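>>> task: produce atomic coordinates for the following.
(one chain, ligands or ions: 1)
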Amino acid sequence: MGLNIHQIRNDFPILRQQVYKKPLVYLDNGATTHKPKVVIDTIKDLQELHNSSIHRGIHYLSEQMTIRYEEARETVRDFINAASTSEIIFTSGATGSINAVAFSFGEKYVGEGDEILISEMEHHSNIVPWQMLCERKGAILKVIPFNNRGELMIETLDTLLTRRTRIIALTHASNSLGTITPVKEVIRRAHERDIPVLLDGAQMVQHGEVDVRELDCDFYVFSSHKIFGPTGSGVLYGKEAILEELPPYQGGGDMVEEVTFDGTTYNTLPFKFEAGTTNFMGAIGLASAIDYIRSVGIAEIKQYEEELIGYTLHKLKGIDGMTLFGTAKDRISVFSFLLDNIHPYDAGMILDKMGIAVRTGTHCTQPVMDHFGISGTIRASLVFYNTKEEVDMLIEGLERTKQMLT
Ligand code: PLP
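Coordinates of the predicted model:
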């Protein structure tokens, strides 16, 4: 059965809005997604009636909030099919999760002359924390290139993987090219050499099923706000055996067992990695968003988006002067392009006045822009609440922009 788009759009109050007296056409979901009413209501309800700090109180509200928080952990575990809730750490988002691994794993396992392998299509969030680690430790950052279609050149792994490689950090789906990377093949090759792999799922979890056990990745990260949940919350998944060995990356309340001035012993997993008062409402909001998309149907969402991808590509390619960046076969509904020699900012501003929200610039992937020798692109990123009619409006908007600027 297909999706009931009318019903789904009704679930997202913001989509009913007009901007500049035009219906909002929101195509900037790669940056952040909107929240269904059930998520908004969950947060409102928590703030109004249930606010209380988790894990520390013995009173009613605190106990109830703790139960909800730990239930949220179970929801996330089930969603990505992790083996245990000990493997689910709540963080501030994908960026927070990657920084946590880069610091903690880096402290323990990376030394001078060791190598970290990332790819040329990473978001800055999956570049800079590793560069900082390399600077601290005197390690070396190496990069898997992509070809002009935006596909990862995994044949280069034969030479890039060495006995000094300590970890591979790779995006599961690119936020500027739309490419889904061949993660299973990369993981297989890495594991042949006992090298762990971190996957950045910030642009993947909202588009289809993710099964960390089937992938066999060692770490998986994502942000709540890109999967219809609240901002400031996210997930770090790590295999229990690896997490057990890693040192905490932040000290504070809740992550400890015993504290004296002579020394401190740490709490068990996952709490060892959750110092201080966490964003517990964000985590519960994320669980509510996961429940929502599961009620819509992950397989149905994927099927609908595949149709939307085919339609959008066909329409974009029909525009004279269109250059698409990222034409990999295996892809998500993210489209980067340039139109004639129109500056992306100019196009973005004109589209905005038509009520169409797109992203312009480097999309925090400057090396991707450098690869193509451009300063930025226009990016339309769609999710399951977007429609073919909205794609038509984008196409019409682009045609009008062309008439105005060329
Ligand atoms: N990784 C990818 C692929 C992204 O697209 C983004 C955000 O755009 C991030 C990481 C960082 O996410 P956040 O800013 O929510 O931490």
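
>>> okay, buried residues for stretch 328-336 please.
For stretch 328-336, a neighbour-count test (16 or more other Cβ atoms under 10 Å) marks Ala328, Arg331, Ile332, Ser333, Val334, Phe335, Ser336 as buried. C-beta: built from backbone N, CA, C; applies to glycine.

>>> now stretch 313-331
Going by 16+ other Cβ under 10 Å, stretch 313-331 has these buried residues: Leu313, Lys315, Leu316, Met322, Leu324, Phe325, Gly326, Thr327, Ala328, Arg331.

>>> stretch 359-375 too?
Neighbour counts using 16+ other Cβ under 10 Å place Arg359, Thr360, Gly361, Thr362, His363, Cys364, Thr365, Pro367, Val368, Met369, His371, Phe372 of stretch 359-375 among the buried residues.

>>> try stretch 103-121
Using 16+ other Cβ under 10 Å as the test for burial, stretch 103-121 gives 103-106, 110, 114-121.

>>> that one close to the ligand?
No. Using Cβ under 6 Å from any ligand atom, stretch 103-121 stays clear of the ligand, coming no nearer than 8.8 Å.

>>> what's the distance between stretch 213-220 and the middle of its chain?
Taking Cα atoms, centre = their mean, to the nearest Å, one finds the center of stretch 213-220 at 15 Å from the center of the full chain.

>>> can you offset everything so residue one is 25?
In the new numbering, first residue 25, that becomes stretch 237-244.

>>> thinking again about what came up before, filter the buried residues of stretch 337-355 down to the ones in strands?
Members of those lying in strands (criterion: DSSP state E): Met346, Leu348, Phe349.

>>> and of those, the nearest to Ile29?
Minimum distance to Ile29 across these is 25.3 Å, recorded for Leu348 (Cβ to Cβ).

>>> check the closest one and give its pLDDT.
pLDDT, Leu348: 98.

>>> list the contacts of it.
Leu348 sits next to Leu337, Leu340, Lys341, Phe359, Ser360, Phe361 when contact means Cβ atoms under 8 Å, 6 or more residues apart in numbering.

>>> run through the bridge partners of it.
Beta-bridge partners recorded for Leu348 (DSSP bridges): Phe361.

>>> of all the buried residues of stretch 127-145, which comes closest to Leu27?
Taking Cβ to Cβ as the measure, Leu27 sits nearest to Met145 out of those, at 29.3 Å.

>>> would that closest one count as being in a helix?
No. Assignment of Met145 by DSSP: H, G, I helix; E, B strand; the rest coil gives coil, placing it outside any helix.

>>> please parse the chain into its domains.
29-54+321-429, 64-318 (automatic domain parsing).

>>> how far does the shortest one stretch from start to finish?
According to Cα to Cα, to the nearest Å, domain 29-54+321-429 extends 34 Å from its N-terminal end residue to its C-terminal end residue.

>>> give me the distance from it to the chain's centre.
18 Å.

>>> quick one on the thing from earlier: between the buried residues of stretch 383-399, which is closest to the ligand?
Nearest to the ligand among the buried residues of stretch 383-399, counting by Cβ to the nearest ligand atom, is Cys388 at 5.9 Å.

>>> quick one: secondary structure of the closest one?
Here Cys388 is recorded as coil under three-state DSSP.

>>> how near is it to Ala352?
For Cys388, the distance to Ala352 (Cβ to Cβ, to the nearest Å) stands at 19 Å.

>>> which of the buried residues of stretch 127-145 fall in strands?
Glu139, Ile140, Leu141, Ile142, Ser143.

>>> pLDDT score for the last one?
Spelled out, it's Ser143. Ser143 is given a pLDDT of 98.

>>> so who does the closest residue to it other than its chain neighbours touch?
Leaving aside its chain neighbours, Ser143 sits nearest to Ile168 (4.3 Å; criterion: Cβ to Cβ, 6 or more residues apart in numbering). Ile168 makes contact with Leu141, Ile142, Ser143, Glu144, Leu176, Met177, Ile178, Thr180, Leu181, Leu184, Leu194 under the criterion Cβ under 8 Å, 6+ apart.

>>> just Val236 next, same as before
Residues near Val236 by Cβ under 8 Å, 6+ apart: Ile104, Asn105, Ala106, Tyr244, Tyr261.

>>> among those residues, who's most crowded?
Counting neighbours by other Cβ atoms under 10 Å, Tyr244 leads the contacts of Val236 with 29 neighbours.

>>> quick check, that residue in a strand?
Yes. Counting by three-state DSSP, one finds Tyr244 located in a strand.

>>> with that, I have no additional questions.
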